[in-house]
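K.L.:
Could you look at this predicted model? Sequence included:
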Amino acid sequence: MSYSPQPPPRSYSNLNVDCIDGVFRPVPQTSPLTKQVDHLAYEIPKNKYAQNPWNYAPEFLKVFSDLRMHVGGKAVFDCVVLGSPRPKVCWLFNQDKMRFTDVVIEDTADICRLTIPYVQPHHYGGFTVLCENEVGRAIASADLLPYY
């Protein structure tokens, strides 16, 4: 039995773009070999930092809650998180990595804040902040809901 590779299907252009608001942006390409990752389910690997008695897992001193906002309003999700070493912060939207370009994310000192200056219908859904370091993980979630 022998294997002979098949030629790729004929394509007239290898440029794949999306036009939004008159601006051409490349459309992200994903390989068929790419596997979706559940950002909340993976294990934190064990390492030497976890053994340091001065280090501790992230914990929230203040968390955000569900928010109702009308289209055009300003929505703010903020929290205060502590941990040593300083936790890395990742924001998720509907359990997936956030891809919005019209939000402002601030991560200074102990405050993590996500601001949506002008809420649009595509912003309604679940927001999650994932804070983790080598020792552990802290997660907080809330929904942005329409205001009627």
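P.N.:
Great, that's in hand.

K.L.:
now the strands: where do they sit in the protein?
P.N.:
Under the criterion DSSP state E, the chain contains strands at 17-20, 23-26, 56-62, 67-69, 75-84, 88-93, 96-97, 104-108, 111-116, 125-132, 137-146.

K.L.:
Could you dump those strands into CSV with mean neighbour count and mean pLDDT added?
P.N.:
Glycine gets a C-beta too; all of them are placed from N, C-alpha and C. What follows is the strands of the chain, written out as CSV (neighbours: other C-beta atoms under 10 Å; pLDDT from 0 to 100):
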stretch, mean neighbour count, mean pLDDT
strand 17-20, 10, 50
strand 23-26, 10, 54
strand 56-62, 15, 94
strand 67-69, 16, 96
strand 75-84, 18, 96
strand 88-93, 17, 95
strand 96-97, 12, 91
strand 104-108, 13, 93
strand 111-116, 18, 96
strand 125-132, 19, 96
strand 137-146, 16, 96
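
K.L.:
now the end-to-end length of stretch 70-86.
P.N.:
Distance between the two ends of stretch 70-86: 35 Å, counting by C-alpha to C-alpha, to the nearest Å.

K.L.:
Likewise for stretch 57-70?
P.N.:
36 Å.

K.L.:
list the contacts for residue 118?
P.N.:
72, 73, 74, 102 (C-beta atoms under 8 Å, 6 or more residues apart in numbering).

K.L.:
most surrounded residue in the residues you listed?
P.N.:
Using other C-beta atoms under 10 Å as the neighbour test, the contacts of residue 118 are led by residue 73, with 13 neighbours.

K.L.:
Wait, that one touches residue 145, no?
P.N.:
No - judged on C-beta atoms under 8 Å, residue 73 makes no contact with residue 145 at a distance of 11.8 Å.

K.L.:
about what we covered before: now for the contacts of residue 118, which pair is the farthest apart?
P.N.:
Farthest apart among the contacts of residue 118 by C-beta to C-beta are 73 and 102. That separation is 13.6 Å.

K.L.:
State the number of residues packed around residue 120.
P.N.:
11.

K.L.:
since we're on the residue nearest to it when sequence neighbours are not counted, how many residues are nearby?
P.N.:
Distance criterion C-beta to C-beta, 6 or more residues apart in numbering; nearest residue to residue 120, sequence neighbours excluded, is residue 71 at 6.3 Å. Neighbourhood size, residue 71 [other C-beta under 10 Å]: 12.
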